[in-house]
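Trainee: I would like the atomic coordinates for the input below:
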Amino acid sequence: MSDKELIVEEKVQTSASGDVTIYCDGGCTPNPGKAGSGVAVYRNDELSELWYGLYEEMGTNNTAELGALYESLLLAQKEAENGNIVEIKCDSMYSINCIKTWAISWEKKGWTKKGGEIKNLEIIKLAYHLYNSIKKDVTLSHIKAHAGFEGNELADRMTMYTIHKKSRSFVKYDKEIIVVDILKMRAG
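Mentor: Just a heads-up that it's a prediction; the model follows:
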């Protein structure tokens, strides 16, 4: 995709200053295989920071997506504590459903489900409990993957950067952020 084809997402205007939008993504190559997570943070509609990490030698796309969502929730919690209105945009319906829908009944049933084990249960529990503690201050919504939305594309590139760097820690990208160059990185 060329830079000119990149869609600029329209953001709903709010009355608060300091609004924050967090895009999260996880990737794996192949699946299962080398996995990583990435996040792009926008403040006042401007790219503010990128995050990457949670490398797993034999992870899955779902574990990487859940890891990225959990790290986004942690960032959102801090932003909400500072009085910001926060939205997380995640391209994984699986991850969103795990913490917004399915975990409700799983918890009621003692963290079990019909048909067998709940995969990724540990990270699901962490994300579910964190989400429930901040959901009055944070919006979690789905965004279509690989549709040209800059924030989603940057989070995607950070997943591949994780795999390249093999970074197990989730850390802030410390290089100069040049969007055009980052978008030229390998996509997940």
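
Trainee: model confidence over the lengthiest helix in the chain, on average?
Mentor: In the chain, with assignment by DSSP state H, the single longest helix is helix 61-81. If you average the pLDDT over helix 61-81, you get 98.

Trainee: go on, stretch 103-114?
Mentor: 95.

Trainee: tell me, what residue is most central in this structure?
Mentor: The residue lying closest to the centre of the chain (Cα atoms, centre = their mean) is residue 24, at 2.0 Å.

Trainee: give me the beta-bridge partners of that one?
Mentor: With DSSP bridges applied, residue 24 shows beta-bridge pairing to residue 39, residue 90.

Trainee: Look up how far residue 117 lies from it.
Mentor: 25 Å (Cβ to Cβ, to the nearest Å). Just so you know, the C-beta spots here come from the backbone N, C-alpha and C atoms, and that holds for glycine as well.

Trainee: now the strands for the chain?
Mentor: 20-29, 33-43, 46-59, 86-90, 138-142, 171-172 (DSSP state E).

Trainee: Out of those strands, which is the most enclosed?
Mentor: The highest mean neighbour count among these, using mean count of other Cβ atoms under 10 Å, belongs to strand 20-29: a mean of 27.

Trainee: elements contacting that one?
Mentor: The contact analysis (3 or more Cβ pairs under 8 Å, 6 or more residues apart in numbering; DSSP states H and E) places strand 20-29 against strand 33-43, strand 46-59, helix 61-81, strand 86-90, helix 150-165.

Trainee: among the ones you listed, which is nearest residue 134?
Mentor: helix 61-81 (5.1 Å; Cβ to Cβ).

Trainee: Flag every buried residue along the closest one.
Mentor: Residues 61-77, 79-80 are the ones in helix 61-81 that count as buried (16 or more other Cβ atoms under 10 Å).

Trainee: Give me the neighbour count for residue 148.
Mentor: 13 (other Cβ atoms under 10 Å).

Trainee: What's the separation between it and residue 181?
Mentor: 17 Å.

Trainee: shaky segments in the protein?
Mentor: 1-18 (pLDDT under 70).

Trainee: where's the longest helix of the chain relative to the chain centroid, distance-wise?
Mentor: 6 Å (Cα atoms, centre = their mean, to the nearest Å).

Trainee: In terms of secondary structure, what does that helix contact?
Mentor: strand 20-29, strand 33-43, strand 46-59, strand 86-90, helix 93-97, helix 121-134, strand 138-142, helix 150-165.

Trainee: Output the ones you listed as JSON lines; include the columns distance to residue 112.
Mentor: JSON lines is the format used below for the helices and strands packed on helix 61-81 (distance: least, Cβ to Cβ, whole Å):
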{"stretch": "strand 20-29", "distance to residue 112": "25"}
{"stretch": "strand 33-43", "distance to residue 112": "26"}
{"stretch": "strand 46-59", "distance to residue 112": "24"}
{"stretch": "strand 86-90", "distance to residue 112": "25"}
{"stretch": "helix 93-97", "distance to residue 112": "17"}
{"stretch": "helix 121-134", "distance to residue 112": "10"}
{"stretch": "strand 138-142", "distance to residue 112": "24"}
{"stretch": "helix 150-165", "distance to residue 112": "31"}
